[in-house]
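S.K.: My questions are about this predicted structure, shown below with the sequence.
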Amino acid sequence: MKYRGLIFDLDGTLVDSLQDLGESVNAILIRKGMEPHPMTAYRQFVGNGVKVLLQKAFGFAKEDQVSESLLAEFKAEYQERMLNHTPLYEGITDWLQFCKEKKIRVGVFTNKPESAAIKILESRISPEWMPDPIFGAKEGRVRKPKADGVNEILSIWGYDASECLFIGDSDVDMITAENANMDALAAGWGFRGEEELLPYAPRFYAPTAKAAKELFISIFNEECV
């Protein structure tokens, strides 16, 4: 069946936000007299939302131990840094342009706060190719790997899960696709890599966003023959 819609993760899939996220947390750690983490450590810290990011970075046993004051401190730091070092991956713009030309719907479902997700994407993507909708963490929305957000996007589009593809770079994304009964494309270019992704047996795998774009175009063209 030809894919009529794509649902992307954000961090590590559409944009490389690792440095801005890591530097925001490290600034707080340093201010509190604690040792900062290397940027590579943040590859395993991100993906499950802000509370889990802070839980792992500060060594808390549970995410519930993250205080509201610490959350506010991070949000203030990240607000100032989120556009410093967060580019689109190579190939993403061309991919979005292809989807627009072929009338393929594109949406985003991320565990990043929704307001931050929208701000980043609006600064990096032409309005002509902007994903719609962009769903992120906010009050009342269940985060990934629950498939509620995916199902809401499908309802808005009027598409069945079998008509769409979920693209993400972490185990959370692969489980989300599975929970939504949707094919997955594993983003090997992101924060986790093939060792984490391939055990979930995604329908497709690509090592770079550019290769993923080319793979999707070839799949689309084959289905149209």
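M.R.: Received it, and whenever you're ready, just let me know what you need. Numbering: from 1, shown residues only.

S.K.: any idea where the helices of this protein begin and end?
M.R.: Remark: helices assigned in the chain by DSSP state H are 18-31, 42-45, 50-58, 68-81, 92-101, 114-124, 148-157, 171-179, 194-197, 209-224.

S.K.: out of these, deepest packed?
M.R.: Of the helices of the chain, the one with the most neighbours on average (mean count of other Cβ atoms under 10 Å) is helix 171-179, at a mean of 22. Just so you know, the C-beta spots here come from the backbone N, C-alpha and C atoms, and that holds for glycine as well.

S.K.: Which of the helices of the chain sits closest to Tyr3?
M.R.: Of all those, it is helix 209-224 that lies closest to Tyr3, at 7.0 Å by Cβ to Cβ.

S.K.: nearest residue to Ile125 other than its sequence neighbours?
M.R.: Leu96 (6.7 Å; Cβ to Cβ, 6 or more residues apart in numbering).

S.K.: same question, Trp95
M.R.: Here the residue nearest Trp95, using Cβ to Cβ, 6+ apart, is Lys213, at 3.9 Å.

S.K.: can you pull the contacts of that neighbour?
M.R.: Gly91, Ile92, Asp94, Trp95, Phe98 (Cβ atoms under 8 Å, 6 or more residues apart in numbering).

S.K.: For the residue nearest to Ile125, give its distance to Lys210.
M.R.: Separation of Leu96 from Lys210 (Cβ to Cβ, to the nearest Å): 13 Å.

S.K.: Likewise for Phe166?
M.R.: In terms of Cβ to Cβ, Phe166 sits 19 Å off from Lys210.

S.K.: beta partners of Lys187?
M.R.: In this structure residue 187 is Ala, not Lys. Ala206 (DSSP bridges).

S.K.: from the chain's centre, how far out does the lowest-mean-pLDDT helix or strand in the chain sit?
M.R.: For the chain, the helix or strand with the lowest mean confidence is helix 209-224, at a mean of 90 (criterion: mean pLDDT, DSSP states H and E). Distance of helix 209-224 from the chain centroid (Cα atoms, centre = their mean, to the nearest Å) equals 20 Å.

S.K.: for stretch 169-186, same thing?
M.R.: 11 Å.

S.K.: What average pLDDT does it get?
M.R.: For stretch 169-186, mean pLDDT rounds to 98.

S.K.: for stretch 146-164, same thing?
M.R.: On average, stretch 146-164 scores 97.

S.K.: Then stretch 52-69?
M.R.: Here the average pLDDT along stretch 52-69 is 95.

S.K.: Quote the end-to-end distance of that stretch.
M.R.: End-to-end span of stretch 52-69 (Cα to Cα, to the nearest Å): 15 Å.

S.K.: related to what we said a few turns ago, from Glu122, how far off is the residue nearest to Ile125?
M.R.: 13 Å.

S.K.: And for Leu18?
M.R.: In terms of Cβ to Cβ, Leu18 sits 20 Å off from Glu122.

S.K.: quick revisit: dump the helices of the chain to JSON lines, plus distance to Gly140.
M.R.: JSON lines is the format used below for the helices of the chain (distance: least, Cβ to Cβ, whole Å):
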{"stretch": "helix 18-31", "distance to Gly140": "24"}
{"stretch": "helix 42-45", "distance to Gly140": "25"}
{"stretch": "helix 50-58", "distance to Gly140": "16"}
{"stretch": "helix 68-81", "distance to Gly140": "17"}
{"stretch": "helix 92-101", "distance to Gly140": "28"}
{"stretch": "helix 114-124", "distance to Gly140": "11"}
{"stretch": "helix 148-157", "distance to Gly140": "10"}
{"stretch": "helix 171-179", "distance to Gly140": "18"}
{"stretch": "helix 194-197", "distance to Gly140": "30"}
{"stretch": "helix 209-224", "distance to Gly140": "31"}
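
S.K.: Much appreciated, bye for now.
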